[in-house]
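> Okay, sequence plus prediction incoming.
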Amino acid sequence: MSRALQRMAVEVLEQAHGTTDLVLVGIQRRGVELADRLARLIEKDEGVAVPRGALDITLYRDDLETVGPRPVVGETRLPRDLTGQHVVIVDDVLYTGRTVRAALDELADFGRPKRISLCVLIDRGGRELPIQADVVGKVVKTAPGDRVDVRVEELDGADQVDLVKGVAA
Amino acid sequence: MTTPALGKDLVGLEHLTAEQILLVLDTAEPFKEVSERPIKKVPALRGKTIVNLFFEASTRTRISFEFAEKRLSADTVNVTSTGSSVQKGETLVDTAKNLEAMRIDMVVIRHGASGAAQFLGDRIRSNVINAGDGKHEHPTQALLDLLTIRDRHGKIAGLKVCLVGDVLHSRVARSNVWGLLKLGAEVGVCGPRSLMPRGIEELGVRAFGRVEEAIEWADVLNVLRLQLERMEMGFIPSLREYYRVFGVTVERLARASRPLTIMHPGPMNRGVEIDSRVADGPHSVILDQVTNGVAVRMAVLYLLAGGKPELADAAKRGGADA
């Protein structure tokens, strides 16, 4: 995973033409850790601090009534007014695209970024919305019943990505 | 097997578990931030219709609920007893059934009769939230009090919290007693004997006859409003007398061995139950309570609106969404 992240950090930097106005925003929960990792890698290479934030999209979901009886809302914290910034959304897995749709809606309530791009560790296909990532760590082919579990050291004790095959429906 | 987070209605804290109360407090945390945003609104309850049915005067609670509803993008209507068909003799259930016929999703009710919220909740399909019913309960007030205590002290279990004043008539006191006991706080009550419910010690609550003793014992004082009508009804001799004996004053607090956190559910009678210098002092969290009120009510609305167990099960069968 660390090699993938290193490469993703370089790509983010390339696409952003440097660190000016760059803000990395991770989606709760694993995305926040990954954004933090990417920011540190960029900081090490460039020697400048990269602002980072966390976004919880629970309140912007289109399926409140189906998320379960105990919908847990995480913390949202953004470093500054996003107007004029280049925001990179960071998440662990890109699947249907609905989470990213919600994140785009939420970001719009915090200002008008000059650009928003998307950076994910795993793209597992299966999109239900016209959304694509700008930077991808790895593309993994999956079936609808499968699960992709991303573990990060900060939360889970180790870096690991597992593809759990689902039972065919 | 899934259980609903809070059930259909929020009537009181008496029948909630500690786990459910903590769920509301934890859910309220992220909602605090929504009110600090440049655009103070999230779409979570978009398309939900909520009626605020207030049969008793209220400023803070009604406005707080209304802000909570609007910041969650719900559509709201306010109905008060004056200027509505209630004055023409319509019953509570008829009023609510008529509202329900217009396809509403939730009712927030404040009523003078104890048990009104439960009565209504048993008879309509919409979610019902109790915003104060008679002398029974005022659950969202107690929840915001609990959140404010936890913010200030980092915990609730093991703290000594004393409710001072008209405990007998206070739904705020009743809800607080239930909530605090369930979360492991030690609870005291203090006030004139005429305003103390008989047998309150049986709940596991300490009763203090003198406010000085309560101050020496407690970490937190929740000063209840003395309803001015109580004097006319003969529960206390005079307001001045009450202040002299039970008023929470700077002088009395200065004698305590440690600073006490001061709370008040409002509206305050300065110079009756609380000294102005205490209400505005460094240990007062009275305005924090008001701020937390919006977050707690957002959490309650959100938890009642979401998490329909049957739908959740269906969603789970459909696979997780990323």
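In hand now; what should we look at? Residues are numbered from 1 along each chain as shown, chains lettered A, B, ... in the order given.
> which one's the longest helix in the chain?
In the absence of a named chain, chain A is used. Looking across chain A with DSSP state H, the single longest helix is helix A:30-46.
> nope, chain B
Longest among the helix segments of chain B by residue count, using DSSP H, is helix B:286-305.
> now A:R52: how far from B:T261?
Counting by Cβ to Cβ, to the nearest Å, the gap between A:R52 and B:T261 amounts to 35 Å. C-betas here are computed from N, CA, C, even on glycine.
> the more surrounded of the two?
More neighbours surround A:R52 than the other of A:R52 and B:T261, with 24 against 19 (other Cβ atoms under 10 Å in any protein chain shown).
> I'd assumed A:T19 was in contact with the more buried one.
No. Between A:R52 and A:T19 there is no contact under Cβ atoms under 8 Å: 11.9 Å.
> any idea what sits nearest the residue in the stretch 51-200 of chain B that chain A sits nearest to, other than its immediate chain neighbours?
Closest approach of the stretch 51-200 of chain B to chain A (Cβ to the nearest Cβ) occurs at B:L72, with a separation of 7.7 Å. With sequence-adjacent residues excluded and distances taken as Cβ to Cβ, 6 or more residues apart in numbering or on different chains, B:L72 is closest to B:L45, at 4.0 Å.
> Please list all residues in contact with that neighbour.
Applying Cβ atoms under 8 Å, 6 or more residues apart in numbering or on different chains, we find B:L45 in contact with A:L64, B:E69, B:L72, B:S73, B:A74, B:L301, B:Y302, B:A305.
> what's the lowest-pLDDT member of these?
Taken together, the contacts of B:L45 show their lowest pLDDT at A:L64, with 67.
> which one is B:I156 nearest to, not counting chain neighbours?
Of all residues not flanking B:I156 in the chain, B:L183 sits nearest, at 4.4 Å (Cβ to Cβ, 6+ apart).
> That neighbour contacts B:L159, correct?
No. With the criterion set as Cβ under 8 Å, B:L183 and B:L159 do not qualify as a contacting pair; they are 9.1 Å apart.
> now the strands for chain A?
Taking DSSP state E as the criterion, chain A contains strands spanning A:22-27, A:52-55, A:86-94, A:115-123, A:135-139, A:147-151, A:160-164.
> Can you add mean pLDDT and distance to chain B and give those back as CSV?
Listed next are these as CSV, based on pLDDT from 0 to 100; distance: least, Cβ to the nearest Cβ, whole Å:
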stretch, mean pLDDT, distance to chain B
strand A:22-27, 96, 10
strand A:52-55, 94, 11
strand A:86-94, 96, 5
strand A:115-123, 97, 9
strand A:135-139, 96, 14
strand A:147-151, 92, 7
strand A:160-164, 92, 11
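> Please produce a markdown table containing the ones you listed, extended by distance to B:I104.
Compiled in a markdown table, those are given as follows (distance: least, Cβ to Cβ, whole Å):
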| stretch | distance to B:I104 |
| --- | --- |
| strand A:22-27 | 34 |
| strand A:52-55 | 32 |
| strand A:86-94 | 37 |
| strand A:115-123 | 37 |
| strand A:135-139 | 46 |
| strand A:147-151 | 39 |
| strand A:160-164 | 43 |
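> re the thing from before, and of the contacts of B:L45, the nearest to B:Q20?
The shortest distance between B:Q20 and any of the contacts of B:L45, using Cβ to Cβ, involves B:Y302 and amounts to 13.9 Å.
> Please determine how far that closest one is located from chain A.
B:Y302 sits at a distance of 7 Å from chain A (criterion: Cβ to the nearest Cβ, to the nearest Å).
> What of B:S238?
Remark: distance between B:S238 and chain A (Cβ to the nearest Cβ) = 49 Å.
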